[in-house]
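> Need a 3D model of the sequence below.
(one chain, ligands or ions: 1)
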Amino acid sequence: MEAATRELRQVRAAQNQSLFREINERINALNDAFSIVLPREEWLCECADVACVERIEMTGAEYEAIRQGPNRFPVIPGHELPEVERVVEANDCYLVVEKIGAGAAVAQDHHPRQRH
Ligand SMILES: [Zn+2]
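Just a heads-up that it's a prediction; the model follows:
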């Protein structure tokens, strides 16, 4: 693949995933605000497909651990795109991916935890 095309795909994917991350941050804030005590909560899959509506089950603590990494996103197994990211963690419910190439900078620039 042409380098410019690959870079564009990496940027687009990271932008899409940053949007899902923003939504999950709001879900997280709501869960905190209402002190919902659930062993496992539902989060949106943060894959690069904007049409994806699948949910990931994980605890608030697991979510928090992933969110500490400005370049990390939880996705449903099979939703990872090797062209734009690499898998850094895997379990039965979800994978954690890290953006590569041009996408890494986009993910870091949009990291919601850095603005506070
Ligand atoms: Zn997905």
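
> helix/strand/coil for the one residue sitting closest to the centre of the chain?
Centroid-nearest residue in the chain, with CA atoms, centre = their mean: Phe73, separated by 2.5 Å. Secondary structure, DSSP: H, G, I helix; E, B strand; the rest coil: Phe73 is strand.

> Does it touch Cys52 like I think?
No - contact criterion CB atoms under 8 Å: Phe73 and Cys52 do not qualify, at 11.7 Å. In this view, the C-beta of every residue, glycine as well, is placed from N, C-alpha and C.

> Name the residues contacting each of these two.
Common neighbours of Phe73 and Cys52, counting by CB atoms under 8 Å, 6 or more residues apart in numbering, are Phe20.

> Could you give me the buried positions within the helix ranked longest in the chain?
For the chain, the helix that runs over the most residues, judged by DSSP state H, is helix 3-33. Within helix 3-33, the residues scored as buried using 16 or more other CB atoms under 10 Å are 6, 9-18, 20-21, 24, 28, 31.

> what do you get for stretch 78-94?
79-81, 84-85, 94.

> May I see those arranged in JSON lines, with pLDDT as well?
Shown next, in JSON lines, are those (pLDDT from 0 to 100):
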{"residue": "His79", "pLDDT": "98"}
{"residue": "Glu80", "pLDDT": "98"}
{"residue": "Leu81", "pLDDT": "97"}
{"residue": "Val84", "pLDDT": "96"}
{"residue": "Glu85", "pLDDT": "97"}
{"residue": "Tyr94", "pLDDT": "97"}
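
> residues in this structure within reach of the ion, list them.
Within reach of the ion by CB under 5 Å from the ion, the chain has these residues: 45, 47, 52, 79.
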